[in-house]
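> Turn this into a model:
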Amino acid sequence: MKLDEKLKSHVDSIYEKQQKHKREIKKTNSSTRIQKLKNLKKKIMEHKEMIFTALQNDFKKAPSESDLTEMIPSLMELDDAISNLHSWMKPKSVYSPFLLLPGASSKIICEPKGSVLIISPWNYPFLLSISPLIAAIAAGNVVIIKPSEFTTNTSAIMQKLLSEIFPEEEVTVIDGDASVASYLLEKRYDHVFFTGSTPVGRIIMQAAAKYLTPVTLELGGKSPVVVDKKVDLKDAAYKICWGKFVNSGQTCVAPDYVLVPEEMQSDFIQHAKESLRDLYGAKEEDWIANSDYARIINGKNHDRLVDLLEDSKQKGAKVEIGGIFNKQELYLSPTILSNIPENSKIMQEEIFGPILPIIPYKDLDFAIDFVNNREKPLALYVFSSSNHTAEKIISETSAGGTCINDVLMHLANPNLPFGGVGESGMGNYHGIYGFKTFSHERSVLKQFGLYNLTQIMYPPYKHSIIKDFLRNLI
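Presented below is the predicted three-dimensional model:
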């Protein structure tokens with residue numbers, strides 16, 4: 001798709017302005033950056049209702065859900081950066097080894113990377129634009145945000161909000177389709193931050209490789225849940241259903257499938273059904289009418305999910321509850337499947353929608369092997385009252401992050417890094433980890449005094465001294 005010349009010129013202009021301005025932004029101190037973050041927080045609160053309306057117009061997201069999943073995490077991230085940025089920016093003194101003594105001091109300073117491109121997704125369009133932006137501002141960068149073209153209302157309100165705080169040479173939202181993203185990626189940045197699918201992540205990385213630009217890739221994958229025999233099954237089912245069906249399953253760390261001991265499968269499914277009735281209503285008609293249950297983002301994604309569901313059914317899967325869809329309404333009911341064949345599409349790709357497969361297992365080693373035989377997930381969830389079992393699962397698997405006896409909640413702690421591993425991504429952010437993502441940790445060594453031990457490195461070599469020094473190291 002060819003990019004409109006007017007838009008192309010606009011992108012060029014913004015890019016050039018930011019490249020010239022990034023040196024000025026680099027000079028800003030913690031007080032200046034903290035004030036910018038405070039201004040951002042104030043402006044978000046002023047536009048709060050407009051943001052909720054935009055999210056509701058984009059995919060019928062309930063204001064209360066937007067508050068919990070978009071607004072509150074953004075404000076928590078802002079508060080954390082405002083409270084701690086001065087400390088994050090302070091140079092860190094480190095020990096200098098004996099060879100460099102007596103006249104050396106060593107420290108690490110965090111300097112801005114410079115210019116940042118943030119490409120954000122549609123599933124949490126406000127949070128997943130604002131959260132990396134907070135970190136990039138805290139680190140002292142100029143930023144271009146390319147939001148998803150699928151959430152035009154939210155993109156528009158972000159454009160309005162940010163333009164009221166920042167000049168375009170510092171922070172700019174550039175809207176448009178995939179051709180805009182492609183054109184932006186032709187340019188050179190100091191860091192590219194992408195949240196989205198693994199296939200697109202590969203495209204982002206290929207484009208960045210042209211300039212050896214560092215990237216953060218927040219991707220996804222099939223995040224499993226392992227339910228142990230020693231567990232409060234009702235509590236586990238309720239939490240899993242909430243985490244799976246919030247935002248209609250369109251969450252990168254949503255439980256993708258559940259591994260349950262085979263003798264507990266029927267009880268787990270019964271508890272899950274009861275949980276859905278508690279969450280969304282007693283019957284299907286209640287679910288459709290429930291304003292707390294979001295819709296699928298668009299027809300293309302709705303078709304993809306229906307195809308996954310129908311393929312599973314044709315291959316023998318049983319619909320335990322749900323399975324109702326309406327494309328005109330972009331509705332797909334909360335759905336639980338059992339008896340799912342491994343060759344079904346739904347077990348081969350990330351679901352990213354309100355369909356939850358239940359997989360029975362005979363012993364824990366089988367469950368661990370089931371997880372390990374697939375790509376490393378963005379999240380892995382463990383439900384068990386046994387610390388030994390939980391630690392065994394963690395030590396024998398790999399995942400971007402893990403919750404024990406809960407789902408999604410590791411994202412709520414800004415003191416924990418959030419990011420994937422392998423196919424589920426690279427790099428991390430949140431709190432100080434976001435600040436470091438958009439900073440370069442620069443090493444600085446200062447020599448003073450007339451003499452230090454490093455002079456044994458100069459010719460003519462003092463062999464006896466070198467041998468004595470080596471002997472002490474051994």
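> Do a quick rundown of the helices in the stretch 101-250 of the chain.
With DSSP state H, counting those that start in this stretch as the criterion, the stretch 101-250 of the chain has helices at 127-138, 152-163, 178-184, 198-209, 233-245.
> The shortest one packs against which elements?
Same thing as helix 178-184. In terms of contacts (3 or more Cβ pairs under 8 Å, 6 or more residues apart in numbering; DSSP states H and E), helix 178-184 is packed against helix 5-26, strand 115-119, strand 142-146. C-beta: built from backbone N, CA, C; applies to glycine.
> Only C-alpha atoms, please: export that helix in PDB.
Taking C-alpha atoms only, helix 178-184 is exported to PDB below (Å, rounded to 0.1, in the frame of the first residue of the first chain):
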ATOM      1  CA  ALA A 178       0.400  -0.500   8.100                       C
ATOM      2  CA  SER A 179       1.900   1.500   5.300                       C
ATOM      3  CA  VAL A 180       2.600   4.300   7.900                       C
ATOM      4  CA  ALA A 181       4.300   1.900  10.200                       C
ATOM      5  CA  SER A 182       6.400   0.600   7.300                       C
ATOM      6  CA  TYR A 183       7.500   4.100   6.300                       C
ATOM      7  CA  LEU A 184       8.300   5.000   9.900                       C
END
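> now what about that helix, what contacts it?
Contacting residues not belonging to helix 178-184 are listed as 1-3, 7-8, 11, 117, 119, 144, 146, 149, 174, 207 [Cβ atoms under 8 Å, 6 or more residues apart in numbering].
> Equivalent analysis for the last one, please.
Residues external to helix 233-245 that are found in contact with it (Cβ under 8 Å, 6+ apart): 225, 227, 251, 254-255, 258, 264, 267-268, 271-272, 274-276, 278-280, 293, 334, 354, 356, 381, 383, 405-408.
> ok, of these, which come out buried?
If you count burial by 16 or more other Cβ atoms under 10 Å, the buried members of the contacts of helix 233-245 come out as 225, 227, 251, 254-255, 258, 264, 268, 271-272, 275-276, 279-280, 293, 334, 354, 356, 381, 383, 405-408.
> So what's the residue count around Glu262?
As a burial measure, Glu262 scores 12 neighbours (other Cβ atoms under 10 Å).
> dump the residue contacts of it.
Pro360, Tyr361, Lys362.
> for this protein, what are the low-confidence residue spans?
1, 449-454, 469, 473-474 (pLDDT under 70).
> domains in it, as residue ranges please.
Here the domain parsing of the chain from automatic domain parsing is 5-219+426-441, 224-413.
> Dump the ones you listed to TSV, plus distance to Gln447.
Formatted as TSV, those follow (distance: least, Cβ to Cβ, whole Å):
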stretch	distance to Gln447
domain 5-219+426-441	5
domain 224-413	41
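> ok so, going back, any chance of the helices and strands packed on helix 178-184 in JSON lines, with mean neighbour count and distance to Asp307 too?
Formatted as JSON lines, the helices and strands packed on helix 178-184 follow (neighbours: other Cβ atoms under 10 Å; distance: least, Cβ to Cβ, whole Å):
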{"stretch": "helix 5-26", "mean neighbour count": "15", "distance to Asp307": "34"}
{"stretch": "strand 115-119", "mean neighbour count": "26", "distance to Asp307": "27"}
{"stretch": "strand 142-146", "mean neighbour count": "25", "distance to Asp307": "28"}
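> Of all these, which one is nearest Phe435?
Proximity of the helices and strands packed on helix 178-184 to Phe435 was assessed by Cβ to Cβ; the nearest stretch is strand 115-119, lying at 12.5 Å.
> what angle sits between the closest one and helix 5-26?
For strand 115-119 against helix 5-26, the angle between stretch directions is 130 degrees (axes from the mean of the first three to the mean of the last three Cα atoms, to 10 degrees).
> So in that sheet, which strands flank strand 115-119, and in what orientation?
strand 142-146 (parallel), strand 191-195 (parallel) (DSSP bridges).
> Check the separation of the first and last residues in stretch 312-320.
Using Cα to Cα, to the nearest Å, the end-to-end distance of stretch 312-320 comes to 13 Å.
> Can you give the distance from it to the centre of its chain?
Centroid separation for stretch 312-320 versus its chain: 32 Å, with Cα atoms, centre = their mean, to the nearest Å.
> Quick check: buried residues in it?
By neighbour count with 16+ other Cβ under 10 Å, stretch 312-320 contains the buried residues Ser312, Lys313, Lys315, Ala317, Val319, Glu320.
> Pull the CA coordinates from stretch 44-57 and hand them back as CSV.
C-alpha atoms of stretch 44-57 as CSV (Å, rounded to 0.1, in the frame of the first residue of the first chain):
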residue,chain,number,x,y,z
ILE,A,44,-5.0,12.1,31.6
MET,A,45,-7.3,12.9,34.6
GLU,A,46,-8.8,15.8,32.7
HIS,A,47,-9.5,13.6,29.7
LYS,A,48,-10.5,10.5,31.7
GLU,A,49,-14.2,10.4,30.6
MET,A,50,-13.2,11.0,26.9
ILE,A,51,-10.8,8.2,27.1
PHE,A,52,-13.4,5.8,28.4
THR,A,53,-15.8,6.9,25.7
ALA,A,54,-13.2,6.3,23.0
LEU,A,55,-12.5,2.8,24.3
GLN,A,56,-16.2,2.1,24.4
ASN,A,57,-16.7,3.3,20.9
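> starting at the chain centroid, how far to it?
A distance of 22 Å separates the centroid of the chain from that of stretch 44-57, by Cα atoms, centre = their mean.
> Which positions within that stretch qualify as buried?
Those would be Ile44, His47, Ile51, Phe52, Thr53, Ala54, Leu55, Gln56, for stretch 44-57 by 16+ other Cβ under 10 Å.
> Fine by me, we can end here.
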